[in-house]
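[1] structure for the following, please:
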Amino acid sequence: MTGPLQGIKVLDLTTVFLGPYCTQILGDMGADVIKVEPPAGDTTRYLGPGRSRGMSGVFLNINRNKRSCVIDLKSPQALHVLEQMVQGCDVLVHNMRPAAAERLGMTYDWARSCNQSIVYCGAFGYGERGRYAGRPAFDDSIQAISGIAGYQGILSGTPAYCGTAVADKVTGMTAANAITAALFHRERSGRGQLVEVPMFETMVSFVLAEHIYGAAFEPPLSAPIYPRVVSKNRRPYPTKDGYLAVVPYNDKQWQRFFALIERPELQQDPRFADMASRSAHTDEIYEILADELAGKTNAEWIEVLSANEIPNTEVRDPHDLFDDPHLADVGFFKQFEHSSEGRIRLTSPPCEFSETKTTIERMAPRLGEHTGAILNEFGFSEAEIVDLHDARVVAMPPAQATGPA
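    Numbering: from 1, shown residues only. Below is the predicted model:
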């Protein structure tokens with residue numbers, strides 16, 4: 001691996017979306033990610049269409065740059081195997097509820113006893129110091145309790161979820177960021193630490209970044225609602241032949257737009273004079289925008305808006321992303337030949353580094369594909385690996401069952 005985390009070894013005990021998205025980011029950054037899976041495999045292996053059982057398109061994308069090692073964590077011998085692996089890793093990350101991790105014996109204290117410098121990250125539903133600690137949590141439930149569904153309801157009249165697993169992925173990104181920060185601290189101090197990333201607190205922080213609004217003051221100066229982003233008139237606007245996203249934002253952009261539509265009275269209107277006054281009259285100004293855009297085609301508006309440096313873009317359907325010319329320019333979608341799945345298409349790491357290139361060097365692994373090789377790397381002999389396999393503590397493809405790959 002060639003990225004900025006080259007040389008970092010991650011023991012990945014995560015499943016579904018949150019944790020695997022976190023470790024995908026770490027893998028894209030160059031870390032050696034060892035994905036520990038149960039005998040049945042991560043559930044995302046079976047989510048959606050695929051050419052082979054257990055190799056869905058979702059799994060292929062979110063688990064690239066990882067190696068798969070099957071260990072039955074419920075086996076009494078599993079802890080011994082993991083102890084030896086933790087000794088040689090820099091990071092352990094899981095998204096089990098803390099009580100479940102404790103039942104398995106896989107606590108921070110256990111990991112630290114194996115490796116004093118380990119960065120141990122647990123990402124789960126709710127912080128351990130609060131009354132919701134230990135509750136089960138999934139993306140939908142966190143969208144509901146964190147306010148996301150409620151803010152969507154302001155727009156639609158009924159609470160609604162976002163059309164993407166936003167809570168899982170934002171928490172996964174936050175966990176990846178926290179892990180790299182802990183690694184930086186370890187680089188300076190030599191000390192590992194426990195990192196906890198609760199979904200609920202993460203998403204409330206995310207949602208209230210702008211929606212805290214007047215509630216930042218005590219007593220509050222307004223409801224915790226940033227009006228612009230929940231205005232019923234803030235939407236893709238219909239034109240003569242389609243829909244267009246138009247976003248005049250600062251004072252200069254609005255003044256240029258008013259001049260463009262030949263409405264000098266709006267340029268002098270105190271309701272729209274600056275950011276503060278426009279915030280108090282969000283619905284009115286967006287209603288004007290909607291009315292004006294209906295009179296021309298997309299092409300006509302794009303030409304004049306772009307000439308006046310007013311942000312605008314056509315509205316794309318999801319399948320249009322795969323034909324987007326800008327994404328083609330930057331080589332965002334890359335095709336690979338997977339050893340078992342044939343030709344596949346993956347998204348590229350979005351961040352670029354001038355010195356430490358991020359790349360996709362490993363395709364998503366088949367279940368247990370690297371079990372033998374990984375255990376061998378951590379000091380298990382060929383005979384020990386065979387014994388663990390025969391005892392059903394670990395599993396590997398049939399061709400590897402007589403020794404490491």
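[2] next, name the residue at the spatial heart of this structure.
    Most central residue of the chain, judged by C-alpha distance to the mean C-alpha position with Cα atoms, centre = their mean, is K169 at 2.7 Å.
[3] can you pull the contacts of it?
    17-18, 21 (Cβ atoms under 8 Å, 6 or more residues apart in numbering). Just so you know, the C-beta spots here come from the backbone N, C-alpha and C atoms, and that holds for glycine as well.
[4] now, which of these sits nearest Y120?
    Of all the contacts of K169, Y120 sits closest to L18, with 16.4 Å by Cβ to Cβ.
[5] ok, now which ones touch the nearest residue to that closest one once chain neighbours are set aside?
    Nearest residue to L18 in three dimensions, chain neighbours excluded: D168, at 4.3 Å (Cβ to Cβ, 6 or more residues apart in numbering). With Cβ under 8 Å, 6+ apart as the criterion, the residues that contact D168 are 16-18, 21, 139, 199.
[6] now D168: how far from L221?
    If you measure D168 against L221 using Cβ to Cβ, to the nearest Å, the figure is 34 Å.
[7] the helix or strand containing the residue nearest to the centre of the chain: what's the following helix or strand?
    Element membership for K169, per DSSP states H and E: helix 166-189. The helix or strand immediately downstream of helix 166-189 is strand 193-198, counting by DSSP H and E.
[8] check which helices and strands that next one is in contact with.
    For strand 193-198, the elements it packs on are strand 119-124, helix 166-189, judged by 3 or more Cβ pairs under 8 Å, 6 or more residues apart in numbering; DSSP states H and E.
[9] from the contact counts, what lies against the next helix or strand after the first one?
    As assigned by DSSP H and E, the chain's next helix or strand after strand 119-124 is helix 139-145. Using 3+ Cβ pairs under 8 Å, 6+ apart as the contact criterion, the neighbours of helix 139-145 among helices and strands are helix 148-156, helix 166-189, helix 199-211.
[10] in PDB, could you pull the C-alpha coordinates for the first one?
    By that I understand helix 148-156. This file holds the C-alpha atoms of helix 148-156, laid out as PDB (Å, rounded to 0.1, in the frame of the first residue of the first chain):
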ATOM      1  CA  ILE A 148     -32.600  14.400  10.800                       C
ATOM      2  CA  ALA A 149     -36.000  12.800  10.100                       C
ATOM      3  CA  GLY A 150     -37.700  15.700  11.900                       C
ATOM      4  CA  TYR A 151     -35.900  18.400   9.800                       C
ATOM      5  CA  GLN A 152     -36.900  16.500   6.700                       C
ATOM      6  CA  GLY A 153     -40.400  16.600   8.000                       C
ATOM      7  CA  ILE A 154     -40.300  20.400   8.100                       C
ATOM      8  CA  LEU A 155     -39.800  20.200   4.300                       C
ATOM      9  CA  SER A 156     -42.300  17.500   3.500                       C
END
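[11] give me the contacts around it.
    For helix 148-156, contacts defined as Cβ under 8 Å, 6+ apart pick out 142-144, 159-162, 166-167, 203, 207, 211, 225, 229-230, 232.
[12] which stretches of the chain aren't confidently modelled?
    Scanning the chain for pLDDT under 70 picks out the ranges 1, 398-405.
[13] show me it divided up by domain.
    Listed domain ranges for the chain are 9-206+351-369, 237-314 (source: automatic domain parsing).
[14] can I get the ones you listed in JSON lines with distance to M396?
    Output for those, formatted as JSON lines (distance: least, Cβ to Cβ, whole Å):
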{"stretch": "domain 9-206+351-369", "distance to M396": "5"}
{"stretch": "domain 237-314", "distance to M396": "49"}
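[15] tell me the most buried of these?
    Of those, the one with the most neighbours on average (mean count of other Cβ atoms under 10 Å) is domain 9-206+351-369, at a mean of 19.
[16] span of it from start to end?
    End-to-end distance for domain 9-206+351-369: 18 Å, by Cα to Cα, to the nearest Å.
[17] again with stretch 268-277
    Taking Cα to Cα, stretch 268-277 runs 12 Å from one end to the other.
[18] just stretch 123-134 next, same as before
    Between the start and the finish of stretch 123-134 there is a gap of 12 Å, counting by Cα to Cα.
[19] how close does the residue nearest to the centre of the chain sit to S339?
    To S339, K169 is 28 Å away according to Cβ to Cβ.
[20] how about R129?
    Look at R129 and S339: by Cβ to Cβ, they are 46 Å apart.
[21] swap in G192?
    When distance is defined by Cβ to Cβ, G192 is 35 Å away from S339.
[22] do the same with R51
    Counting by Cβ to Cβ, the gap from R51 to S339 is 12 Å.
[23] now the strands for the protein?
    According to DSSP state E, the chain carries its strands in the segments 9-12, 32-37, 66-71, 91-94, 119-124, 193-198, 237-238, 243-246, 312-314, 333-338, 342-347, 394-395.
[24] just want the angle from the third one to strand 32-37.
    Pointing back at strand 66-71 there. 40 degrees (axes from the mean of the first three to the mean of the last three Cα atoms, to 10 degrees).
[25] what's the answer for the fifth one, then?
    Taking the same axes, to 10 degrees, one finds strand 119-124 and strand 32-37 inclined to each other by 40 degrees.
[26] strand 119-124 - contacts with which helices or strands?
    Going by 3+ Cβ pairs under 8 Å, 6+ apart, strand 119-124 lies up against helix 18-28, strand 91-94, helix 98-103, helix 108-114, helix 166-189, strand 193-198.
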